[in-house]
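Asks: When you get a sec, could you give me coordinates for this:
(chains A, B and C)
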Amino acid sequence: MEKLKKVSIWLFFLFMGLFMILPIIPLIFWSFTKLWPWPQLIPETFSLESWKYLFSDTGRAFEGLFNSLVVMILTVVGNILLGLPAAKSLSQREFFGRGLAFIVLLSPLFIPLTVSIMGIHGIAIQLDFLPDYFHVTMAHMLVTMPYFIVMLWYQYKLLGLKLQEAAFSLGAGSMKTFLWIELPLITPALLLACLIVSIISLSQYLPTWIMSGGTLLTLPLIIFPYASSGNASIVSVYSIWFFLPVFILVSLYFVCMKIHHKKVSGHGG
Amino acid sequence: MGILPALLFVIFFFVGGFVQSFFISIGGEESFYGKYESFWAYKELWNPSFFHSLGVTVGMAATVSVTAGILGFIIALLLATMSYRRTWLQILFQLPFGVPHLLAAYLLAQVFMQTGWYSRVAFRLGLIDSYEAFPILLHDQWGVGVLLAYMWKEIPFIVLLIYPFLKKILEEWKDTVKMLGGSFSQMIRWVVIPILLPLWVGGMWVVFAFALGAYEIPALMARTSFGLIPVLAWQEYTQFGLERQPIAFAMNIILALVSFLIGCALLMLQKNWYKKGRRAWKS
Amino acid sequence: MKCFLKQAGFGLLVLFILIMTACSANDESTKNENKEKQDDQGAINVLDKDWDQIVADAKGTTVNFYMWGGDEGINRYLNEWIAPQLKKQYDIELKQYPMDAVEFINKLMVEKKAGKDTGEMDVLWVNGENFKTSKQQDLLLGPITSVLPNFKAYVDADSSDVQYDFGFPTEGYEAPWGKVQFVFSYDSSKMDQPPRSLEELKKWVQENPGKFTYPAPPDFTGSAFIRHILNETSGDYQAYLGEFDETLIEKESEIVWKALNEMEPYLWREGTSYPQSLAQLDQLYKNGEVWMTMGYDEAGASNMIMSGEFPETTKTFILEKGTLSNTHFLAVPYNAPNSDGALVLINHLLSPEAQLKKMELEYWGENTALTVDLLPEDVKSKFAQMDRGGATLPEEELSKHRLPEISAEYVQWLERGWLKNVGNQ
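Replies: Predicted structure coming up:
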């Protein structure tokens, strides 16, 4: 019985794992070929044209990557500055209109971006004097902040007030409480929220071109025209290029988690 | 008040933008979109074919969110209870989250097509002898392609969202439950689910709201005759000229309203559920 | 504490309302101000300037070219060939921004609404509906063609494909960049005799079920396909070139829907679904799932063979009653930050040299917008000798079967009609 259960769990994992990973494989083949008709399992003709195109001046591979990363980092910083305090007050304090405030903060989750984006653009134009990076970051923050706030709000809720109160009554200042008591406790959630924010920021298309007027060429801005015109080889090359930072970020997250785990268990033990 | 900066930021930009769009949808900005009676866009949408579309769209989004929610929960649970750590497996189940929806749709179309990669694999394995024998997964009768594509994108989202918390809860409660003589399934039922519920249901709701409004996957993979609203709205917005754009806004606002109402309903249900005394973590 | 929070909550609400009213009031006032400003100085100035002056003023500037960016050949043409030339000859930096026309027209409209005098876009690639919207909403700089030396020298300004863009008068607000004609592509290894009329196509489709389909309108290509059906079935296609007449189209479209619905059961997926875009149809063709594709580009198939995406056996055909052709254009928005540079770029793109290069298959392969008869003899012969690829039909055959486009109202009416009568049935 135990064995059967184990086998079925592994079968389930295998199936789901294949479901997740298999679509990536043709992508790699497509990046090295232009023509790949049915029923060839592996293309018969190979070419490096698409990779050459990616790294040519026209391909703008590094410009796109650089812009994407700058916006991503700014978005994460912005989320920490605005979202962290918001999540904290939402979870720890009672105040009039808390429900309403919560709904407003979460509204970007259920109102399709297409609805507000024209209006946002109109407002952004009034702030013309600010650089493009700033504009785009603002739009990305609108999209990502609900995720950030929800995750930290939930983490704070789980923690409760007790620990903090204890620290306060022992005479620690609020900054000290935050640094020594809260921060280590919320670090896993904070890291995860930052990862989610980064990844969502990397994949944004609409807010980026609206807010920058299309002048800030992030990776999605370069890729999407190809994806809708259907040149499989070019799309594949750009997709792989796009996966690179995503993959690095996810791995980085796991490394950070491991370090954190060691530290915490080191302190405890 | 830590909440003020964030709140003002969202109100100023997002809600401000929303109000402006709403204004356009009820017939404002006449100089650009033409002069019509107010609420004309909504009146035009008041017909059986739109309600049919709305039904199909909501049904699709609901199926997507519930399926992704359940499968995501199972995967997260299995990952969290595994006796030894397999980081690569976790990375695998979270990677698709980083793929933009348009790319995901494109990617999956390449494998699910009748002449796609899976069909070639099946052919090589001798399962089919022509591509016509491969099951129709794209533009199919039941929207299987759309569902599969959303699964590929949203299961990782749910896993990513709940896994760390799930792991923590399991770690913290394992001993207590054991001491009280509870079984694993009892622990899931009486401890894990009640604590995790707000986040889990919230995650499903986010998926629902997203699937309701996003056009990329339906446009590439759904049957033309489904008439899914995000696709219709996209067509109205981009193809039929300025005069029709208020209709696109109206459609999206209706979708937003649906998401909002469902979100509220979920909140109420949750409150009731807790009131009935199933709240575990304060006892 | 609690009392304070209550007040804060209430205060927020008030603040919110204040912001909203302030925003809309602000909009109104800036709009009016800007209107006056523009009447005073703004746009018209550039167009009054001497050409030499424009070139001199454009020196050392950057031009932002907003255009659809989904074709590597076109992108390479601009970045690898035009950009270095522009730099060398005029000391102008060219920056291409990939964006769909609908998107940048919407952007322009928001800018206009907000009264933004200096935008980001210098040159736009437009045609059809986009041009109509932008001209009707006063989003363009003005009649630019009259200042462009290359336009004046090499383009027959009286020809109807320059004067009208999908039936809408251009009045010089946009300069022609290229011309394309609709053709069908087929795999000659799978069929020998391509159909030449709707009847023959219907017959072929019935004999080869599942091997033909077209992109679902309102996709650009799919929409053009149903206009061909209109041409094939209509008693008098010429009637559609005039003003929009709903009774006319209502009557004749019945036959179009009938023809399409008769074909439907024999289409790919038995007509229960259609590819959403030309890209999807091309993908089906590349994989061998359908045997025919189509496109608003007579050299498109040759181009795809050259890049290795289509099988070598691909050939093209046109219908006996003709296929549609249209011109696509370049325009300058009203708030172009560098209108001098924009004009220099457009003029350069219209030079015989640039147009000749554009026609090369390696880059784009597209037909010239210039009137070949007006060119110097040596250039003329170069155009005539251009190798446009094995799958491209000869120029004489193409030009004999060229149909003009009908007005954008008809186009949209047909697209909506298709959705109602064919697609969602």
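
Asks: Render the CA-only coordinates of the strand or helix carrying residue C:85 in PDB, please.
Replies: Using DSSP states H and E, residue C:85 maps to helix C:83-90. Extracted in PDB, the C-alpha atoms of helix C:83-90 (Å, rounded to 0.1, in the frame of the first residue of the first chain):
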ATOM      1  CA  ALA C  83      20.800  54.000 -40.600                       C
ATOM      2  CA  PRO C  84      24.500  54.100 -41.600                       C
ATOM      3  CA  GLN C  85      23.600  56.000 -44.800                       C
ATOM      4  CA  LEU C  86      21.600  58.500 -42.900                       C
ATOM      5  CA  LYS C  87      24.400  59.000 -40.500                       C
ATOM      6  CA  LYS C  88      26.900  59.500 -43.300                       C
ATOM      7  CA  GLN C  89      24.900  61.700 -45.600                       C
ATOM      8  CA  TYR C  90      23.000  63.800 -43.200                       C
END
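
Asks: ok, and for it, which residues are buried?
Replies: Neighbour counts over helix C:83-90 (16 or more other Cβ atoms under 10 Å in any protein chain shown) mark C:83, C:85, C:86, C:90 as buried. Placement of C-beta: from N, CA and C, glycine included.

Asks: who touches that helix?
Replies: Surrounding helix C:83-90, the residues in contact under the criterion Cβ atoms under 8 Å, 6 or more residues apart in numbering or on different chains are C:55, C:58, C:59, C:63, C:92, C:93, C:94, C:96, C:344, C:345, C:348, C:354.

Asks: Tell me how far it lies from the chain's centre.
Replies: A distance of 26 Å separates the centroid of the chain from that of helix C:83-90, by Cα atoms, centre = their mean, to the nearest Å.

Asks: okay, the angle between the next helix or strand after it and helix C:83-90?
Replies: Using DSSP H and E, the helix or strand that follows helix C:83-90 in sequence is strand C:93-98. Inter-element angle recorded for strand C:93-98 and helix C:83-90: 150 degrees (by axes from the mean of the first three to the mean of the last three Cα atoms, to 10 degrees).

Asks: List the neighbouring strands of strand C:93-98 plus their orientation.
Replies: In the sheet, strand C:93-98 lines up against strand C:62-67 (parallel) (DSSP bridges).

Asks: Thought residue B:111 was touching residue A:22, still the case?
Replies: Yes: Residue A:22 lies in contact with residue B:111 (Cβ atoms under 8 Å); the separation is 6.7 Å.

Asks: returning to that earlier point: neighbour-wise, give me the winner out of the contacts of helix C:83-90.
Replies: residue C:63 (28 neighbours; other Cβ atoms under 10 Å in any protein chain shown).

Asks: hmm, back to that, mean confidence score for the helix holding residue C:85?
Replies: Across helix C:83-90, the average pLDDT comes to 95.

Asks: returning to what we had before: which member of the contacts of helix C:83-90 is positioned nearest chain A?
Replies: Closest to chain A out of the contacts of helix C:83-90 is residue C:96 (8.4 Å), distances taken as Cβ to the nearest Cβ.

Asks: could you list every residue that touches the closest one?
Replies: Residue C:96 touches C:65, C:67, C:69, C:75, C:78, C:79, C:83, counting by Cβ under 8 Å, 6+ apart.

Asks: so how far is residue A:92 from the first one?
Replies: In this case it means residue C:65. In this view, residue C:65 and residue A:92 are 53 Å apart by Cβ to Cβ, to the nearest Å.

Asks: The two: which is more packed in?
Replies: Using other Cβ under 10 Å, the more surrounded residue of residue C:65 and residue A:92 is residue C:65, with 24 against 15.

Asks: my guess is the more buried one contacts residue C:346, does it?
Replies: No: if you go by Cβ under 8 Å, residue C:65 and residue C:346 don't touch, sitting 9.6 Å apart.
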